[in-house]
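dropping the sequence and predicted coords here.
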Amino acid sequence: MKKVFLPSSIFVFFLLFSINSYACTCNCKWDCTFSKISTKNDFVALVKVIEYSDYLDIENRYGEKRPYSITVEIIKKYKGTEHRKRIKIWGDNGFLCRPYISELKIGSYYLIAPNIINSTSELGNAGDYDFFVCDVDYLEVDFDQKVAIGEYSKWRKNITLAEFERKL
């Protein structure tokens, strides 16, 4: 029994540590809420989702195409040097540390604090943006009430747009 157990244990050990796995590593030490992310990121804006712009080659479980990017219209820029009226934001393809872009709905409003993409690749185009799945870098906005809803801070789950602007 001992002779069989040792080789099997060694095999399992090497098998487990030789498999390449991929996982997002979140380096947020304590506070990745929107209030912290919007303070550190270079670009912050109120946007409206105009359309899903690019799609993945795979379908969801309902047979629908999965959106890979969205085009948003900038309603109000709070911070940054972005001059375009519309920008593109890229999502996850199943292997990235980004949220799925289908979480953002066409016609809805969001406060965003995205990251700029610096070079063009199959992951997005230079000058476009993306989100990081470990950060709260967008909040849904009730545009009629002028309130952002979500994890604004550890202790607040919503904030008025006017108050957000004052705090930023």
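On my side now, so go ahead.

low-confidence stretches in this structure?
Low-confidence segments of the chain (pLDDT under 70): 1-29.

which residue ranges form the helices in it?
Counting by DSSP state H, the chain has helices at residues 2-18, 34-40, 161-167.

which residues touch the residue nearest the centre of the chain?
Of all residues in the chain, the one closest to the mean position by CA atoms, centre = their mean is residue 131, 2.9 Å from it. Residues near residue 131 by CB atoms under 8 Å, 6 or more residues apart in numbering: 89, 91, 98-99, 112, 114-115, 137-138. (Glycine included, C-beta is placed from N, CA and C.)

what about the residues you listed, which are in strands?
Judged by DSSP state E, strands contain the following of the contacts of residue 131: 89, 112, 115, 138.

farthest pair in the residues you listed?
By the measure CB to CB, 115 and 138 form the most distant pair in the ones in strands among the contacts of residue 131, at 11.5 Å.

so where do the strands sit in this structure?
For the chain, the strands defined by DSSP E occupy 44-59, 65-79, 86-90, 109-112, 115-116, 129-130, 138-142, 147-149, 158-160.

pipe those strands into JSON lines and attach distance to residue 167 per row.
What follows is the strands of the chain, written out as JSON lines (distance: least, CB to CB, whole Å):
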{"stretch": "strand 44-59", "distance to residue 167": "11"}
{"stretch": "strand 65-79", "distance to residue 167": "10"}
{"stretch": "strand 86-90", "distance to residue 167": "23"}
{"stretch": "strand 109-112", "distance to residue 167": "12"}
{"stretch": "strand 115-116", "distance to residue 167": "21"}
{"stretch": "strand 129-130", "distance to residue 167": "22"}
{"stretch": "strand 138-142", "distance to residue 167": "13"}
{"stretch": "strand 147-149", "distance to residue 167": "11"}
{"stretch": "strand 158-160", "distance to residue 167": "8"}
